[in-house]
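Undergrad: coordinates for the following, if possible.
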Amino acid sequence: MEQATINTTQKKLNYFERYLSVWVGACMIVGVSLGKLIPRLTDTLRHLEFGKGSQSNVPIGVLVWLR
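TA: This is a model prediction of the structure:
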């Protein structure tokens, strides 16, 4: 009888994947800090739309497109 060999190689996480929760936490801290320190920045970003009354936010659209 022939014995089948099973290849059990595990994929290792890269640096970004390994510390994903750290990156998410850091981005949340930076976002909240910017909102508290520079409130006009968040107001400006909130009002950037693709068209008047379109309710499609430009920064969100750019980030979705980059993904």
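
Undergrad: can you map out the strands along this structure?
TA: Assigned by DSSP state E, the chain shows no strands.

Undergrad: low-confidence regions, it specifically.
TA: Residue ranges of the chain with pLDDT under 70: 1-2, 4, 7.

Undergrad: in it, which helix is the longest?
TA: Looking across the chain with DSSP state H, the single longest helix is helix 20-37.

Undergrad: and the residue nearest the centre of the protein?
TA: Ranked by distance to the mean C-alpha position of the chain (C-alpha atoms, centre = their mean), the top residue is Val24 at 7.4 Å.

Undergrad: what distance do you get for that residue to Glu17?
TA: Val24 sits 12 Å away from Glu17 when distances are taken as C-beta to C-beta, to the nearest Å. The way it works is simple: take the backbone N, C-alpha and C, and place the C-beta from them, glycine included.

Undergrad: again, but for Gly31
TA: Taking C-beta to C-beta as the measure, Gly31 and Glu17 are separated by 21 Å.

Undergrad: surely Gln55 touches Glu49?
TA: Yes: assessed by C-beta atoms under 8 Å, Gln55 is found in contact with Glu49 at 6.8 Å.

Undergrad: these two: who's more crowded?
TA: Here Gln55 and Glu49 are compared on neighbour count by other C-beta atoms under 10 Å; more neighbours surround Glu49, at 13 against 7.

Undergrad: would you map the helices across this protein?
TA: 15-18, 20-37, 39-47, 58-66.

Undergrad: adding distance to Ile6, write the ones you listed out as CSV.
TA: What follows is these, written out as CSV (distance: least, C-beta to C-beta, whole Å):
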stretch, distance to Ile6
helix 15-18, 25
helix 20-37, 30
helix 39-47, 52
helix 58-66, 39
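
Undergrad: tell me which of those helices sits nearest to Thr5.
TA: Closest to Thr5 of the helices of the chain is helix 15-18 (C-beta to C-beta; 28.6 Å).
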